[in-house]
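In: Any chance you can model this:
(2 chains)
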There are 2 protein chains.
Amino acid sequence: MACGEFDLIARYFNRYRTARQDVQLGIGDDCALLTVTDKQQIAVSTDTLVEGIHFLKTISPADLGYKALAVNLSDLAAMGADPAWVSLALTLPEVNTDWLEAFSDSLFEQLDYYGMQLIGGDTTRGPLSMTLTIQGLVPAGRALLRSGARVGDWIFVTGTLGDSAAGLAILQDRLAVNDDKASQALIKRHLRPQPRVLQGQALRQLANSAIDISDGLISDLRHILKASDCGARIDLDLLPYSQEMQQYVDPEQAVKWALTGGEDYELCFTVPEINRGALEVALAQLGVRFTCVGQIAPLSEGIKYQRSGETVELEWQGFDHFAQEVAS
Amino acid sequence: MACGEFDLIARYFNRYRTARQDVQLGIGDDCALLTVTDKQQIAVSTDTLVEGIHFLKTISPADLGYKALAVNLSDLAAMGADPAWVSLALTLPEVNTDWLEAFSDSLFEQLDYYGMQLIGGDTTRGPLSMTLTIQGLVPAGRALLRSGARVGDWIFVTGTLGDSAAGLAILQDRLAVNDDKASQALIKRHLRPQPRVLQGQALRQLANSAIDISDGLISDLRHILKASDCGARIDLDLLPYSQEMQQYVDPEQAVKWALTGGEDYELCFTVPEINRGALEVALAQLGVRFTCVGQIAPLSEGIKYQRSGETVELEWQGFDHFAQEVAS
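Out: Numbering: from 1, shown residues only, chains lettered A, B, ... in the order given. Sure, this is the predicted structure:
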């Protein structure tokens, strides 16, 4: 539905022309037209970001343009898919060209980096929000599912955990970090999470299951355990922290953020013993840390947390609830 | 991002299980996984509907569930594509299970009718709006584009024009129709537009170009003319009206609604002389009227309107603007 100035916005997003060979028709007709081969499968994911819920009112348009895509890329990464196309539905309270330029520059910078093409969308007036539907390609039968974990698999995570929650706490004045560089590093982890796209692709033939950590390790690992009918043992001593986290955050708070903080957009994946050697080789060259934090256990064991070799109870709210869900 | 009760909503939309063979993985993992053959292309379209802009606050959830999908199906119809998958991003101010049941029942009824599958989406809290990304399949190279119109092509429309605008006028007390049956018929055309999916598919080998009429015949035909570098002659005497329109709406108002009313979701398409016979055969059996309303002319002629064989000027606002755009 045409809407005057909102048509202009649509044209704004048409400034850029990353042309993919598999896009016969991009923006400008009733539909985009895409070509896929028999040997590929399409991975599709949709995420909505609403102001005040998924991002702070104070976020810059450049950070928002980055984050909106990064969050969606992270879903593709968790399937081991190669990013291809994105549709953007953008709802704006007003037409602000400075805002639009910063937002779209940031979005397209990342699209170009991944060789992706914006193939369509919609622009409407309303409270600030956006929905992205992202599509990627994966060799047929090779996608990383949540349902493939097996008892005995090692549980790995990429990067470090909890930094995004710490960065958000700084932005909300709930955490004070008196070193500016450290403070900025943590904030950056919140505003500019790095989707682990290459890592996901490298894991396609090595991992039995994978998910991206958007809600915290425990919550997302729970999805793997439910889909795979398994339990898990997590060794709290092995949780990977950034230097900033170790230096400026109380250890108990760090554990909590690592397990439940959310928005890290690291990958959690499970690897059978036989693939551990190959994993080292495949991931080492990608320059991102990866850490074994536990092992998949039989369903009957539920989830257990260990410290110094001893099982410990975590008494934070939400954990009993979680245990029940896994058991049920 | 999990959000308690909003997780429940997601599960709500998981009640239904239309299983398509080309969906390896539907709702429930990081992405859906889809399979397409070399012989098909994918047509993708995204539409956002915001309360107060694209639908009235008073709309019933069942009508909204219907319309949200119908509007998107209409885009696929305009490409001649066969509907396959849809992703739904739903933003709701609150969790109202009665509302959700009526909305999703209506949505899924239509999905089932077209053999489509809901493959994913997102549910968030916020002002009522929804974004659907719909995908369909079309034999490779056979999609109906806006850019294929040629001078001499006959311009056709399906169904009747202006009814949706008349129905909206009734709902907004701008039009009084004292016959209840006629009034309901027009309102239904606004609330429950019928996407011309089968007609679009039948046109794949017959039409040179096509678009769906969402903004009014003139505005949408303009897109064909711009994409095809053509002009057009429209015979106002040929515009197809419903009986209700002829009986209850002033003729000048009827012309205006037919040309600029919007939301009819009929198809406008152009057919070369050589295909007119085959068109009659192909569309006749689908039970929907189709009418020749004019002819594609050289670009230099712009758009001309005729009545009783004479060129007439339309002095409504927006038409000069349009003429300029076509000329530029």
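
In: can you list contacts of stretch A:173-189?
Out: A:163-164, A:166-167, A:169-171, A:242-245, A:247-249, A:264 (CB atoms under 8 Å, 6 or more residues apart in numbering or on different chains). Every residue, glycine included, has its C-beta placed from N, CA and C.

In: Of these, grab the buried ones for PyMOL.
Out: A single PyMOL command selects the buried members of the contacts of stretch A:173-189 (16 or more other CB atoms under 10 Å in any protein chain shown):
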select buried, chain A and resi 163+164+166+167+169+170+171+242+244+245+248+249+264
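
In: Can I take it that residue A:63 is in a helix?
Out: Yes: per DSSP: H, G, I helix; E, B strand; the rest coil, residue A:63 lies within a helix segment.

In: And for it, the neighbour number?
Out: 21 (other CB atoms under 10 Å in any protein chain shown).

In: Check whether it really touches residue A:191, as I assumed.
Out: Yes: in this structure, residue A:63 is within contact of residue A:191 by CB atoms under 8 Å, at 4.6 Å.

In: what sits against residue A:72?
Out: So residue A:72 contacts A:45, A:46, A:47, A:86, A:132, A:133, A:134 (CB under 8 Å, 6+ apart).

In: Kindly provide the distance from residue A:100 to chain B.
Out: Per CB to the nearest CB, to the nearest Å, residue A:100 is found 17 Å from chain B.

In: Before we move on, what's the pLDDT of the closest residue to that residue other than its chain neighbours?
Out: The spatially closest residue to residue A:100, leaving aside those adjacent along the chain, is residue A:12, at 5.5 Å (CB to CB, 6 or more residues apart in numbering or on different chains). For residue A:12, the model assigns a pLDDT of 76.

In: so where's the stretch 201-328 of chain A uncertain?
Out: Scanning the stretch 201-328 of chain A for pLDDT under 70 picks out A:316-328.

In: Can you find the residue of it that comes nearest to chain B?
Out: residue A:215 (5.0 Å; CB to the nearest CB).

In: I'd guessed that residue sits against residue A:265; true?
Out: No: contact criterion CB under 8 Å: residue A:215 and residue A:265 do not qualify, at 10.7 Å.

In: any residues in contact with both of the two?
Out: Shared contacts of residue A:215 and residue A:265 (CB under 8 Å, 6+ apart): none.

In: and the two? which has more neighbours close in?
Out: Between residue A:215 and residue A:265, counted using other CB under 10 Å, the more crowded position is residue A:265 (24 against 19).

In: Which of the helices or strands spans residue A:89?
Out: strand A:82-92 (DSSP states H and E).

In: could you give me the average pLDDT of that strand?
Out: Strand A:82-92 shows a mean pLDDT of 95.

In: Paired strands for it, with orientation please.
Out: Within its sheet, and counting by DSSP bridges, strand A:82-92 is paired with strand A:117-125 (parallel), strand A:129-139 (antiparallel).

In: Quick check: next helix or strand after it?
Out: Defined by DSSP H and E, the subsequent element after strand A:82-92 is helix A:97-113.

In: now the helices: where do they sit in chain A?
Out: Ranges of helices within chain A are A:5-12, A:61-79, A:97-113, A:163-171, A:180-191, A:197-202, A:217-228, A:243-248, A:251-260, A:276-284, A:319-327, based on DSSP state H.

In: In the stretch 1-150 of chain A, where is pLDDT below threshold?
Out: Using pLDDT under 70, the stretch 1-150 of chain A drops low at A:1-10, A:16-17.

In: Can you name the residues that contact the closest residue to residue A:97 other than its chain neighbours?
Out: Nearest residue to residue A:97 in three dimensions, chain neighbours excluded: residue A:12, at 8.0 Å (CB to CB, 6+ apart). The neighbours of residue A:12, taking CB under 8 Å, 6+ apart as the test, are A:97, A:100, A:101, A:104.

In: Double-check the last one against residue A:15; I have them as touching.
Out: Pointing back at residue A:104 there. Yes: taking contacts as CB under 8 Å, residue A:104 lies within contact range of residue A:15: 7.4 Å.

In: of these two, who's got more company?
Out: The neighbour comparison of residue A:104 against residue A:15 (other CB under 10 Å) goes to residue A:104, with 23 against 10.

In: which residue sits closest to that one in space, ignoring its chain neighbours?
Out: That would be residue A:13: by CB to CB, 6+ apart, it lies 5.8 Å from residue A:104.

In: Surely that neighbour touches residue A:88?
Out: Yes: Residue A:13 is within contact range of residue A:88, at 6.9 Å (criterion: CB under 8 Å).

In: Spit out the residues that contact the two alike.
Out: Jointly contacting residue A:13 and residue A:88 under the rule CB under 8 Å, 6+ apart are A:118, A:121.

In: which of the two has more neighbours?
Out: Using other CB under 10 Å as the criterion, residue A:13 and residue A:88 rank with residue A:88 on top: 26 against 19.

In: which residues does the more buried one contact?
Out: Here residue A:88 is in contact with A:13, A:68, A:107, A:118, A:120, A:121, A:130, A:131, A:132, B:46 (criterion: CB under 8 Å, 6+ apart).

In: Quickly list what it is bridged to.
Out: Beta-bridge pairing for residue A:88 (DSSP bridges): residue A:121, residue A:132.

In: about what we covered before: buried ones among the contacts of residue A:12?
Out: A:100, A:104.

In: near chain B, which residues of the stretch 151-300 of chain A show up?
Out: Neighbours of chain B within the stretch 151-300 of chain A, by CB under 8 Å from any CB of the partner chain: A:210, A:211, A:212, A:214, A:215, A:219, A:227, A:262, A:263.
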